[in-house]
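Asks: Sequence and predicted model, in that order:
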Amino acid sequence: MSDIHITRVSTNLKSPDGGARSYDIGDKTLIKGRNGRGKSAIVQAIALAISGAAEEIGGRAVVSDPALLMTLAHGGGLDGAPLFARVNLSSGEHCQWEASRDGRRIKTPTHIRPSWVVPHSSKEHSPHFPLREVREVLTGSSKAARGRFLSWVCSDLEDATVVKALGGRADMFAKLSGEADTPVVDRLTASIKQADSLARKLRSDGRAQGDLRDKLLGEVGARPPESKVLAARDAVREAEELHEAALRSAGTAHVKARRKLLDDLLGTKRADEQRLRQQQKKLDLSLAALGEEDNGLEAKGSRGAIDALAWGIAEGADFCPICSSTIGRQHVQACHDFYVDKVGESAKVSKRRNDMVNELSRIVRDLGALVRDIAGHERELNDLPATSSTEGEDSSDVTREALAQARAELKSLNDSTTKWLSIDSAKKIAEENMAKAEDFSRYKKDAQDVVKRLLEERVDAYCERVSAFLPKAWEFGVMVSDQGRDVFYYGLYDGDKDARFLRVGLSEAQRVSVLCAMCAVLDEMQPVPLTVLAPEDRGWDSLTLGEVMTAFRAIPQKVLLTSTVMPPETHREGWTIIDLDALHGDAPRVAEVPELPLPSEDSVTSVPALLELPEALRARYAPMSGRTRGGKFRSLRTTLVKTIMADGFKAVRDAFQLYHANFQVDETLTIEEYTVSAANYLVPIEIS
């Protein structure tokens, strides 16, 4: 039950001059005023301040888009002044929403609220305005509405009750129901969906296995007996033994040919071995004859003498740079040339020696590899079996063919056996899947029966609680089953005794009253610190409004009603009345139409009493989004503009209002503003 109150609202939404207005709000508040006086602005301001979203803007049920909300600002907010809505709470806290423009750009709105206030989001409605969710659920599919109604009336259901109702199906429920912290009624409906999904999948898999079995049956012949497969295996073993024996017998010629080849190779390689050994011996002798190269003092001395004599020549000295004897420059040059020749001859000898050493190393490597090859061929030659007969050399071809035939027969039998195993497996899987699918289907039916019993047990009590918040003559009812079909209808009972029936075609005033009463019961089940019921204005007559206000005094939530009429004084007790007509003066006076001369009878033409709208403008379309909606919106607006140009603004407005009683706009709108609002109403924006 709501235990926090709204004490005051301040806002400049739809302000004619941009200034703010403030109003005291009671627990039950009626806002009365003529069309265009600002009734909806107060309701939208309260919703915007608390949840960050408001209803019925641009033909959309709930709007949190700042661009659309800024259309409620004076002059569209182009003067830079902020658009704001603020409510003060009895707890001393407040909620405030505010946005403004920076040139053509809309700044990110600021939304100040206590931590316990849950704002509206694209995924979930704010719990402080339950009418939004209830209205969305009840205008959706019958299946979705029935499921949501179940979660409402069974929100206090205990696990033990469901387990007892399911009986032997409780184990299946535990496997399919999901997280244990979810309400048991939601887990029950989730298990039904899961069972249905699994049953469908298993049946599909079972049919696929059946198709596989039929395909394999068309490809394979009779099942081969096990004795035939065993006999084929024995035949293969016998053929392998015969072929091995034939190969041994037929191998003599091969052995002889191999022996001859090895003998020829050994002869050639032994000749190469002798040649390499002779080359090795010759190189050894040549190296010995050449002598050891003096890599010591003599070579170093010769190179040192060359350096000293070269220095003397460069300096032009006529004495010996080595012994300091005065021997003349010619002698110094002769000594230098001697040592240069000596060092050059030594280098030539050293190069010949290096070439011989490298060649000798190559010969040693080749000789080692050749010796290893000879040893290997000798071993292979020694391992060859002795040959003494050529009998049976051609029989191996016959045994080879016989072995191939035996193996082909065994493979054919094994393939056939494998396919039959696949057939048996497919049949078994298909039968198991179908059995499991049937089990899930039985669980689904059993669980649906439990749901049906729960609804039947609780729906009457729920309807009585809803009726307690409605006028005494109204009796609320819900139908969840119709001739065995799962349905969901809600309405008010009409007629007496045998003629009693559930009337679902409610007037707009009755419909919004019923929705508020349903929300009142939901609040008893799932209380929220602050809950506001603010149904849209739906053309109340004075007496019905008074009766509803009297009944709504028992509703635990805060209630805001808007109306163009005032209820009888006897029904106003307990209600705060905001009379906008009294506060802000009478509505703007309509200019008097000058009296026109009556036409003569001859000039009178019979015309329809009310304009017939084009067919495209008669029905409201399902919510759309994206380019599809954009194209439809432009098409409808164009049609509306053409109709106004042809038949006049007032005639079109009157005809449009007849077809669309729920369409409420300010009478001061221009033609352009009216056509935009009407087109938005005809093709609502889909809210994801």
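Replies: Structure's in. What do you need? Keep in mind the model is a prediction, meaning the values are calculated, not measured.

Asks: Below-threshold pLDDT in the protein: ranges please.
Replies: 1-2, 179-180, 248-254, 291-300, 302-303, 323-326, 343-345, 385-394, 585-610, 687-688 (pLDDT under 70).

Asks: And the contacts of the lengthiest strand in the chain?
Replies: Of all the segments assigned as strand in the chain under DSSP state E, the longest by residue count is strand 485-494. Surrounding strand 485-494, the residues in contact under the criterion Cβ atoms under 8 Å, 6 or more residues apart in numbering are 138, 142-143, 145-146, 149, 448, 452, 474-482, 500-506, 510, 514, 518. Just so you know, the C-beta spots here come from the backbone N, C-alpha and C atoms, and that holds for glycine as well.

Asks: likewise stretch 662-674?
Replies: Stretch 662-674 is contacted by residues 35-36, 40, 56, 508, 536-538, 588, 641, 644, 649, 653, 656-657, 677-678, 681 when judged by Cβ under 8 Å, 6+ apart.

Asks: Recalculate using a threshold of 6 Å.
Replies: With Cβ atoms under 6 Å, 6 or more residues apart in numbering as the contact definition, stretch 662-674 has outside contacts at 35-36, 649, 677, 681.

Asks: Name the nearest residue to Gly59, sequence neighbours excluded.
Replies: Nearest in space to Gly59, with sequence neighbours left out and distances taken as Cβ to Cβ, 6 or more residues apart in numbering, is Asn680 at 3.4 Å.

Asks: just to confirm, which helix or strand has that neighbour in it?
Replies: Assessed by DSSP states H and E, Asn680 sits inside helix 671-682.

Asks: rewinding a little: by contact count, what packs against the helix or strand immediately after the longest strand of the chain in the chain?
Replies: Downstream of strand 485-494, the first helix or strand assigned by DSSP H and E is strand 501-503. With contacts defined as 3 or more Cβ pairs under 6 Å, 6 or more residues apart in numbering; DSSP states H and E, the secondary structure elements packing on strand 501-503 are strand 485-494.

Asks: Run me through the strand neighbours of the strand it packs on, direction for each.
Replies: In its sheet, strand 485-494 lies beside strand 476-482 (antiparallel), strand 501-503 (antiparallel), with partners assigned from DSSP bridges.

Asks: in it, what's buried?
Replies: Taking 16 or more other Cβ atoms under 10 Å as the basis for neighbour counts, the residues of strand 485-494 that come out buried are 488, 490-492.

Asks: what's the answer for stretch 56-76, then?
Replies: Of the residues in stretch 56-76, those buried by neighbour count under the rule 16+ other Cβ under 10 Å are 56-64, 66, 69-74.

Asks: how far out from the middle of the chain is that stretch?
Replies: 31 Å (Cα atoms, centre = their mean, to the nearest Å).

Asks: tell me the most buried of the strands paired with strand 485-494?
Replies: With neighbours taken as mean count of other Cβ atoms under 10 Å, the strands paired with strand 485-494 reach their highest mean count in strand 476-482, at a mean of 18.

Asks: Give me the contact list for it.
Replies: Counting by Cβ under 6 Å, 6+ apart, strand 476-482 makes contact with 455, 459, 463, 466-467, 489-490, 493, 502, all of which sit outside it.

Asks: Equivalent analysis for stretch 356-368, please.
Replies: Outside of stretch 356-368, the residues that reach it under the criterion Cβ under 6 Å, 6+ apart are 276, 279-280, 283, 286-287.

Asks: Can you say which of those are buried?
Replies: Using 16+ other Cβ under 10 Å, the buried members of these are 276, 279, 283.

Asks: okay, those in a markdown table with secondary structure and distance to Phe552 next?
Replies: Listed next are the buried ones among the contacts of stretch 356-368 as a markdown table, based on DSSP: H, G, I helix; E, B strand; the rest coil; distance: Cβ to Cβ, whole Å:
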| residue | secondary structure | distance to Phe552 |
| --- | --- | --- |
| Leu276 | helix | 122 |
| Gln279 | helix | 125 |
| Leu283 | helix | 126 |
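
Asks: Present those as CSV; the columns should include distance to His94.
Replies: Supplementary listing: the buried ones among the contacts of stretch 356-368 in CSV, determined by distance: Cβ to Cβ, whole Å:
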residue, distance to His94
Leu276, 111
Gln279, 113
Leu283, 113
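
Asks: Please report the distance of Ala404 from Ala369.
Replies: As defined by Cβ to Cβ, to the nearest Å, Ala404 lies at a distance of 43 Å from Ala369.

Asks: Identify the nearest residue to Glu438 in space, disregarding sequence-adjacent positions?
Replies: If the residues on either side of it in the chain are set aside, Glu438 comes closest to Ala199, at 7.8 Å by Cβ to Cβ, 6+ apart.

Asks: Phi, psi for that neighbour please.
Replies: Recorded main-chain torsions at Ala199 are phi -60, psi -40, according to degrees, to the nearest 10.

Asks: Test my guess that it contacts Asp439.
Replies: No. The pair Ala199 / Asp439 is not scored as a contact, 8.3 Å apart, by Cβ atoms under 6 Å.

Asks: And the two? Which one has more around it.
Replies: Neighbour count, other Cβ atoms under 10 Å: between Ala199 and Asp439, Ala199 has more, with 21 against 16.

Asks: And the contacts of stretch 662-674, which of them are buried?
Replies: Neighbour-count burial (16+ other Cβ under 10 Å) applied to the contacts of stretch 662-674 gives 36, 677, 681.

Asks: How about the contacts made by the last one?
Replies: This points to Tyr681. Under the criterion of Cβ under 6 Å, 6+ apart, the contact list for Tyr681 reads 59, 663.

Asks: If we use 8 Å, what do you get?
Replies: Going by Cβ under 8 Å, 6+ apart, the list of residues near Tyr681 reads 59, 620, 660, 663.
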